[in-house]
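S.K.: Below are the sequence and a predicted model; questions follow.
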2 protein chains.
Amino acid sequence: MPTNHSADAAGGESAGLASSLNALIKDRVPAMYALGIRIVELREGFVAGTAPLAGNLNHQDSMYAGTLFGLGEALGAGIVVASFDLSRFTATVKDVQIRYRRPATTDVRAHASLDAGEVARIKQEAAIAGKAEFVLDAELTDLAGVVVATTHGTYQVRRI
Amino acid sequence: MPTNHSADAAGGESAGLASSLNALIKDRVPAMYALGIRIVELREGFVAGTAPLAGNLNHQDSMYAGTLFGLGEALGAGIVVASFDLSRFTATVKDVQIRYRRPATTDVRAHASLDAGEVARIKQEAAIAGKAEFVLDAELTDLAGVVVATTHGTYQVRRI
């Protein structure tokens, strides 16, 4: 009888990684945590996060531009956490462009991914040179699935 | 005997405008206010703001990327507040690019300006078409005057 153990294990690992990163954010980047930004899915090459509308309203009753930015920007850290030992590597953001498409009037979800070849390239380069850059494009959507913003960021992972 | 009334008046007006905008941010964009972002100088065509390191540390003991972004982004609102009646016009950010140059390990100050001709163009276009776009470049510096980040944003002012 076929079982689903490996899928269960992968789901559990993803939730565990996301929880670990949220705990790290709470402890080490409390201003980001206070914005309500949370990582909700995290595995090698894929990361998703959320930010709540509550507490993040702006003067037009939609989500504050800085919170949307913070959500998109945070995904780069997720990509690094999923593939690197944080006792040996750290992540830095070099630049980010955010385009606001429509006002976000619900909670927002963001996701970004890198294909397996790109993850392998980053790991290999970081192992050999001690550092590697990567570009991450994220899409931010409201609860109806409408794209409210996109981000395009350059990150660096480097040996501590 | 020469007096300095007009300089005093201009300084007082700038401080008054900045205070008014900070009060508006506290009331209408509390997440931005909670990051410690404050407008400290504001007059037509010129805006400066600050963000404290305290409360904004990241995992590398420098200022959180999202706070630096929020500080640069906020200056666009300042430019609009200094030149428009907020009971008739509102401001929206369309896109922002931030480049992180060096870690910010002190409080940070940001400033941006538009020349008189550009302010006049925006006012005229908004008066005629009901909306106008403008681009604002901001420089963020630490207490030693070192540039820690730059932002390049596109904003829209439009009739309510």
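M.R.: Noted; the coordinates are in hand. Numbering: from 1, shown residues only, chains lettered A, B, ... in the order given.

S.K.: Check which helix or strand A:Leu42 maps to.
M.R.: In this assignment (DSSP states H and E), A:Leu42 forms part of strand A:38-43.

S.K.: Now that strand: average pLDDT?
M.R.: Mean per-residue pLDDT for strand A:38-43: 97.

S.K.: Can you show me the helices along chain A?
M.R.: Per DSSP state H, chain A carries helices over the ranges A:5-28, A:30-34, A:65-83, A:116-129.

S.K.: Point out where chain A drops to low pLDDT.
M.R.: Low-confidence segments of chain A (pLDDT under 70): A:1-14.

S.K.: need the residues of chain A near chain B, please.
M.R.: A:24, A:28-32, A:34-35, A:55-60, A:64-67, A:69-70, A:73, A:90, A:92-100 (Cβ under 8 Å from any Cβ of the partner chain). In short, each C-beta sits where N, CA and C put it, glycine included.

S.K.: Distance-wise, check the spatially most central residue of chain A relative to chain B.
M.R.: Nearest to the mean C-alpha position of chain A, by Cα atoms, centre = their mean, lies A:Leu75 at 1.6 Å. To chain B, A:Leu75 is 12 Å away according to Cβ to the nearest Cβ, to the nearest Å.

S.K.: Let me know whether that residue touches A:Ala112 as I believe.
M.R.: Yes. Between A:Leu75 and A:Ala112 a contact is recorded at 4.4 Å, counting by Cβ atoms under 8 Å.

S.K.: And for A:Lys26, the neighbour number?
M.R.: By other Cβ atoms under 10 Å in any protein chain shown, 13 other residues sit near A:Lys26.

S.K.: Sorry, wrong one. I was asking about A:Gly76.
M.R.: A:Gly76: 27 neighbours (other Cβ under 10 Å).

S.K.: Contact partners for it?
M.R.: Going by Cβ atoms under 8 Å, 6 or more residues apart in numbering or on different chains, A:Gly76 touches A:91, A:93, A:112, A:136, A:153, A:155.

S.K.: List just the nearest of these to chain B.
M.R.: Distance to chain B across the contacts of A:Gly76 (Cβ to the nearest Cβ) is lowest for A:Val93, with 5.1 Å.

S.K.: Show me what that closest one is bridged to.
M.R.: In this entry, A:Val93 is beta-bridged to A:Tyr155, by DSSP bridges.

S.K.: Isn't A:Ala104 up against A:Leu143?
M.R.: No. Contact status for A:Ala104 versus A:Leu143: not in contact, 9.5 Å apart, counting by Cβ under 8 Å.

S.K.: So for these two, which sits in the more crowded spot?
M.R.: A side-by-side neighbour count of A:Ala104 and A:Leu143, using other Cβ under 10 Å, places A:Ala104 first with 27 against 12.

S.K.: Dihedrals phi and psi, the more buried one?
M.R.: A:Ala104 adopts backbone torsions of phi -90, psi 110, taken as degrees, to the nearest 10.

S.K.: Chain B versus that one, what's the distance?
M.R.: 12 Å.

S.K.: do the same with A:Ser113
M.R.: From A:Ser113 to chain B the distance is 21 Å (Cβ to the nearest Cβ).

S.K.: repeat for A:Ala116
M.R.: Distance, A:Ala116 to chain B, by Cβ to the nearest Cβ: 27 Å.

S.K.: Was I right to think that residue contacts A:Gly45?
M.R.: Yes. Using Cβ under 8 Å, A:Ala116 is in contact with A:Gly45, at 6.2 Å.

S.K.: Name the residue in those two with the higher neighbour count.
M.R.: Neighbour comparison, A:Ala116 and A:Gly45: the larger count goes to A:Gly45, with 17 against 9 (by other Cβ under 10 Å).

S.K.: Ramachandran angles for that one?
M.R.: With angles defined as degrees, to the nearest 10, A:Gly45 sits at phi 80, psi 0.

S.K.: on that earlier part again, show me which of the helices of chain A has the highest average neighbour count.
M.R.: Ranked by mean neighbour count, those are led by helix A:65-83 with a mean of 26 (mean count of other Cβ atoms under 10 Å in any protein chain shown).

S.K.: Quick check: which of the helices of chain A is nearest to B:Gly130?
M.R.: Ranking the helices of chain A by proximity to B:Gly130 (Cβ to Cβ) places helix A:65-83 first, at 22.0 Å.

S.K.: What count of nearby residues applies to A:Arg88?
M.R.: For A:Arg88, the neighbour count with other Cβ under 10 Å is 9.

S.K.: residues contacting it?
M.R.: Taking Cβ under 8 Å, 6+ apart, one finds A:159-160 in contact with A:Arg88.

S.K.: Okay, it and B:Phe69: tell me how far apart.
M.R.: 28 Å (Cβ to Cβ, to the nearest Å).

S.K.: Please apply the same query to A:Ile122.
M.R.: Between A:Ile122 and B:Phe69 the distance is 24 Å, computed by Cβ to Cβ.

S.K.: and if you look at A:Ala110?
M.R.: When distance is defined by Cβ to Cβ, A:Ala110 is 15 Å away from B:Phe69.
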